[in-house]
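>>> Take a look and give me a structure for this.
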Amino acid sequence: RHVVIIGGGSAAFAAASTAIAAGARATMINAGLPLGGCCVNVGCVPSKAMLRAGEAVHHARTAASRFEGIESAGRVTDFAAVTAHTQRLVDGLRREKYVDVAASLPGLRVVDGRATLAAATRVVVGDE
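Down below sits the predicted model:
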């Protein structure tokens, strides 16, 4: 058996690991975002990291109002550094949770390209 999965996000990885555990080969066809899909690349992970950075600044700014005898200040001094830190987090999680996992799954082939359903049992990628 051979399962073709279109996409490279978390649901695609769940489908691939389930198919392989059931004894099938799996081909994951991914285009657009890198492996990991929306959540790790542009959604959940980077947005939460940026929210946590803002939260840290907010807590630093407001700590003095919560405790007597404390002076505090918080400000963003280098937004490029904050975004670079967020990108390193995204890159590391993508590698650890998706790229390395894909490489470790026996029977999984990852194809970079846009899939086209050519027939009921045929998927074409590019000119393949």
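>>> Residue nearest the middle of the protein, spatially speaking?
residue 40 (2.1 Å; CA atoms, centre = their mean).
>>> Grab the longest helix from this protein for me.
In the chain, taking DSSP state H as the definition, the longest helix is helix 44-66.
>>> now it, how far from the chain's geometric center?
22 Å (CA atoms, centre = their mean, to the nearest Å).
>>> mean confidence for that helix?
Rounded to a whole number, the mean pLDDT of helix 44-66 is 94.
>>> for that helix, packing partners?
Packed against helix 44-66 by the contact rule (3 or more CB pairs under 8 Å, 6 or more residues apart in numbering; DSSP states H and E) you find helix 79-94. Where you see a C-beta, it was placed from the backbone N, CA and C, and this is true even at glycine.
>>> ok, and for the helix it packs on, which residues are buried?
Residues of helix 79-94 classed as buried under the neighbour-count rule (16 or more other CB atoms under 10 Å) are 82, 86, 90, 93, 94.
>>> what's stretch 18-32 in contact with?
The contact list for stretch 18-32 (CB atoms under 8 Å, 6 or more residues apart in numbering) reads 1-8, 12-13, 15-16, 102, 105-115, 123, 125.
>>> List the contacts of residue 3.
Contacts of residue 3 (CB under 8 Å, 6+ apart): 15, 16, 19, 24, 25, 26, 27.
>>> Can you tell me which of those residues has the most neighbours?
Greatest neighbour count in those, by other CB atoms under 10 Å, goes to residue 16: 25 neighbours.
>>> Can you name the residues bridging to the spatially closest residue to that one that is not a sequence neighbour?
Take residue 16 and drop its neighbours on the chain: the residue closest to it by CB to CB, 6 or more residues apart in numbering is residue 26, 4.4 Å away. Per DSSP bridges, the residues bridged to residue 26 are residue 3, residue 108.
>>> pLDDT score for residue 26?
We have a pLDDT of 98 for residue 26.
>>> Out of the contacts of stretch 18-32, list just those in helices.
Among those, the residues falling in helices (DSSP H) are 12, 13, 15, 16, 102.
>>> how about the fourth one, what does it touch?
If a contact means CB under 8 Å, 6+ apart, then residue 16 has 3, 5, 26, 28, 102, 105, 108 as its contacts.
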